[in-house]
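Visitor: Got a predicted structure plus its sequence, pasted below:
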Protein chains: 2
Amino acid sequence: MPARPPGGGTRLDPWFGAYAARTHGLKVSETRALFAVASRPEVVSLAGGMPFLDALPIDIIAKVTAELLATQGTVALQYGNGQGHPRLREQITEVMAAESVHAHPDDVVVTTGSQQALDLVTRVFVDPGDVVLAESPSYVGALSVFKSYQAWVEHVPMDADGLVPAALSEAIERAKRAGRRIKFLYTVPSFHNPAGVTQPLERRAQVLDICKNAGILVVEDNPYGMLAFDGTVTPAIRSLDEDGVVYLGSFSKTFAPGYRTGWAVAPHAVREKLVLASEASILCPSQASQLSIAAYLENCDWLAQIDVYRLVYQERCAAMLAALAEYMPECSWTVPRGGFYTWVSVPDGINTKTMLPRATTALVAYVSGTAFYADGQGSGQMRLSFCYPTPERIREGVRRLGGVLAQEIELVNLFGPQGGRNAEDVQNPAPDLA
Amino acid sequence: MPARPPGGGTRLDPWFGAYAARTHGLKVSETRALFAVASRPEVVSLAGGMPFLDALPIDIIAKVTAELLATQGTVALQYGNGQGHPRLREQITEVMAAESVHAHPDDVVVTTGSQQALDLVTRVFVDPGDVVLAESPSYVGALSVFKSYQAWVEHVPMDADGLVPAALSEAIERAKRAGRRIKFLYTVPSFHNPAGVTQPLERRAQVLDICKNAGILVVEDNPYGMLAFDGTVTPAIRSLDEDGVVYLGSFSKTFAPGYRTGWAVAPHAVREKLVLASEASILCPSQASQLSIAAYLENCDWLAQIDVYRLVYQERCAAMLAALAEYMPECSWTVPRGGFYTWVSVPDGINTKTMLPRATTALVAYVSGTAFYADGQGSGQMRLSFCYPTPERIREGVRRLGGVLAQEIELVNLFGPQGGRNAEDVQNPAPDLA
């Protein structure tokens, strides 16, 4: 039996010795452990990224879906093709046009949420030890994917305008000097998860140029782009270039996540690889989900629905920022112009990860910043979501959190800081590439 | 730029040099290329494995689904948990009880079709070069998964009672002598795809014993087990043992594939790894799909529906066997007692792969036996499906196929055999395991 790798399994598991190398890196994410607690009704959850579905016209959706099943049931309930239903792929190109992305339905691959799209891109490109560049911090679900394919994540600093171009160039130089293979840049340019910041168009062009010059693919993840509070949509990176960008889209935030329907748009040859990888992994995406969404797009005013969402989230974001100013003035935070999240920096010496159990005891939940780094950073930050609770609940949640924080500050003043980087979350050193 | 590996990509693809090693093995499957042709209405398709959904009570399903959305829409359209909805997991244990499988809902993982379950099992267990044992022939979709994780597939012979225990022991011995790591046996014990044969219970116990003694996990894939023509369900291998079997189930054949909902039941520690791998790959299975199926199971007589399917497929199988006897007496075939397929052996010298274009010209489609082997066998066999066309169409399809075959036989008699193994489908030799 091999030695026990860090974080992986137990000797009580009779199959422990049979797992693949990639499996020993899998462990329960901080966010999952948290959700069990955060879903208790008495807890104000500022943790999850669940869209506020009460804003949907549920009765109309029920009617449209019933009609779909009654008239095309044997199609909707049958196997489909691996790339996705042609009608939905066409509609997806119409949806993307609202963000200035012009693509052919042939280059769209429908997936089980954009998470699967990211999984497929990583599967197609990443060998163990390959470098993936990602923002610092980066989306926790993306880090899980990269880890499960044994990628080495190199974080690239951001400022209030997102990814910093000079820092990107440096990271590329550094990796190249070290003889490492960079497979792609993973970036969330609009209303970043978790940082809440947005790259202006000029910044996007710079990022793209740097990657193109270095021969590095850009993987643009854009679930929130349409959710600008003021309705101003910044054109996607994909709108600037077809050949160097894989674009990931999703209906989870602009419509609903329950159908698990997202997509990738990729350069033609890459698209073909993604379809093959998807067929191996799920045969085909759900035809019922795809046609339900197609019927929704056809029969409902989906753009007006996005306006409804925008205004809901704008109000909630304002409630959160006001509450932060009132209850947590010792902290600093990003000021989002759309999306679901703000990124809060706590005073020196406070550790958001060790503070979390005390926060949940005080009936408020958030995600510790450590979840968003592969390298152990983030204990001085936290992600607060304003998407799901009402403004009143957000205010109450931040009030509770402010109370917990005040106690922590008092403890730090009395006993000194609560520890810095948390070693257990640090990715293993990548294997040498011979 | 690396040398071009067999079957992988093109130098016109600017990202060709960036793909992972596993990607170069991906190529368009024989079945996919075929489906474009086979779906033309004038072609009788004996190729696909699409269930006959006209047998479903579509109006009731539409009503039940509309009610679900109207009353629990914001739950059905929201994110769910990675392991699957608790209510559906409980119902799945009730469904499995009909095949003598007794499991706890905690050990059920809901997946995007059982294909994703197989993908997750392979992801969790297989490093490149590891051996997977599989029947000879084996399910084409499973071979794609194994290939995409760079497994080495070792085929184990079958007879009319399925996998041959002595041959299994030999294959294990051979692999062990060669110093190779066997990760699991993949088996379809009931109404095998493509072979149409079924392991009797004693045979299942023998197979399980051999694997347990050798410390090899059994992955039991059982989409068709409930579809015995005479209603006799052979207990699943999982009914004999909890710790050594991962069981894969699916609603695709007993209800409908359009929701892409399947499941795995696994020993506790393995189950946890599967959930983590699934969260990385899709976050969570579709809540809309899961609750739609839960509502179907709750409000419809799903066992009676399976009886309807059984009788439909029994009649179609009888039509196919009668037509084979009439139009293709030069061939031999398996006699299924359930499921979707019969496995036909053609006379010596006939190559089912090279014959296929001529068959589609004659407006009949099948899957060449070569699709079901990783090692280039199968050109003397073909899989015929009786699940989808009506008995009259099946008869007409076999008549057309008999005509094509007669012409082929004439050609062989005139010019000699059409070639044997097809080198292009052979898996690459596995890397040496140092």
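Guide: Right, received. Where do you want to start?

Visitor: Give me the distance from stretch A:49-63 to the chain's centre.
Guide: Distance, stretch centre to chain centre, for stretch A:49-63: 21 Å (CA atoms, centre = their mean, to the nearest Å).

Visitor: so how far does it reach from one end to the other?
Guide: By CA to CA, to the nearest Å, the extent of stretch A:49-63 from end to end equals 27 Å.

Visitor: And the residue of the stretch 301-434 of chain A found nearest chain B, what's its pLDDT?
Guide: In the stretch 301-434 of chain A, the residue that lies nearest chain B is residue A:388 (9.7 Å; CB to the nearest CB). Placement of C-beta: from N, CA and C, glycine included. Confidence at residue A:388, expressed as pLDDT, is 94.

Visitor: contacting residues for the residue lying closest to it once chain neighbours are set aside?
Guide: Spatial nearest neighbour of residue A:388, excluding adjacent residues (CB to CB, 6 or more residues apart in numbering or on different chains): residue A:50 at 4.9 Å. Contact partners of residue A:50, counting by CB atoms under 8 Å, 6 or more residues apart in numbering or on different chains, are A:257, A:387-388, B:78-79.

Visitor: just residue A:300 next, same as before
Guide: Applying CB under 8 Å, 6+ apart, the residues near residue A:300 are A:57, A:60-61, A:64.

Visitor: Recalculate using a threshold of 7 Å.
Guide: For residue A:300, the contacting residues are A:57, A:60, by CB atoms under 7 Å, 6 or more residues apart in numbering or on different chains.

Visitor: Report whether residue A:110 is found in a helix, as I expect.
Guide: No: in this structure, residue A:110 is strand, not part of a helix, as judged by DSSP: H, G, I helix; E, B strand; the rest coil.

Visitor: and the closest residue in space to it that isn't next to it in sequence, how many neighbours?
Guide: Distance criterion CB to CB, 6+ apart; nearest residue to residue A:110, sequence neighbours excluded, is residue A:84 at 2.6 Å. Per other CB atoms under 10 Å in any protein chain shown, the neighbour tally for residue A:84 reads 24.

Visitor: Residue A:132 sits in which helix or strand?
Guide: strand A:131-136 (DSSP states H and E).

Visitor: close to chain B, is the helix or strand just after that strand?
Guide: Using DSSP H and E, the helix or strand that follows strand A:131-136 towards the C-terminus is helix A:140-148. Yes: Helix A:140-148 lies within reach of chain B by CB under 7 Å from any CB of the partner chain, at A:141, A:144-145, A:148.

Visitor: Among the residues you listed, pick out the one closest to residue A:129, please.
Guide: Within those, the smallest distance to residue A:129 is 13.9 Å, found for residue A:148 (CB to CB).

Visitor: pretty sure that closest one is in contact with residue A:27, am I right?
Guide: No: counting by CB atoms under 7 Å, residue A:148 stays clear of residue A:27, with 10.7 Å between them.

Visitor: who's more crowded, those two?
Guide: Taking other CB under 10 Å, residue A:148 and residue A:27 do not tie; residue A:148 has more neighbours (23 against 18).

Visitor: tally of neighbours for the nearest residue to that one once chain neighbours are set aside?
Guide: Counting by CB to CB, 6+ apart, residue A:148 lies nearest to residue B:280, which is 4.3 Å off, once chain neighbours are set aside. Residue crowding around residue B:280 was assessed by other CB under 10 Å; the count is 28.

Visitor: And residue B:280, which helix or strand is it part of?
Guide: Judged by DSSP H and E, residue B:280 forms part of helix B:268-282.

Visitor: distance of the most centrally placed residue in chain A from residue A:170?
Guide: Taking CA atoms, centre = their mean, the centroid of chain A lies closest to residue A:139, which sits 4.2 Å from it. Note on residue A:139: its distance to residue A:170, by CB to CB, to the nearest Å, is 22 Å.

Visitor: do residue A:385 as well
Guide: For residue A:385 relative to residue A:170 (CB to CB), the value is 31 Å.

Visitor: Between those two, point out the one with more neighbours.
Guide: Set residue A:385 next to residue A:170 and count neighbours by other CB under 10 Å: residue A:385 wins out with 26 against 13.

Visitor: Against residue B:114, how distant is the more buried one?
Guide: Taking CB to CB, one finds residue A:385 at 34 Å from residue B:114.

Visitor: Over to residue A:55?
Guide: Applying CB to CB, the value for residue A:55 to residue B:114 is 35 Å.

Visitor: who's more crowded, the two?
Guide: For residue A:55 versus residue B:114, the count of surrounding residues by other CB under 10 Å is larger for residue B:114: 26 against 14.

Visitor: Figure out the helix or strand that the more buried one lives in.
Guide: Assigning secondary structure by DSSP H and E places residue B:114 in helix B:113-125.

Visitor: any residue of that helix up close to chain A?
Guide: Yes: using CB under 7 Å from any CB, helix B:113-125 reaches chain A at B:113, B:115-116, B:119, B:124-125.

Visitor: farthest-separated two in these?
Guide: Top of the distance list for those (CB to CB): B:113 and B:125, 19.2 Å.
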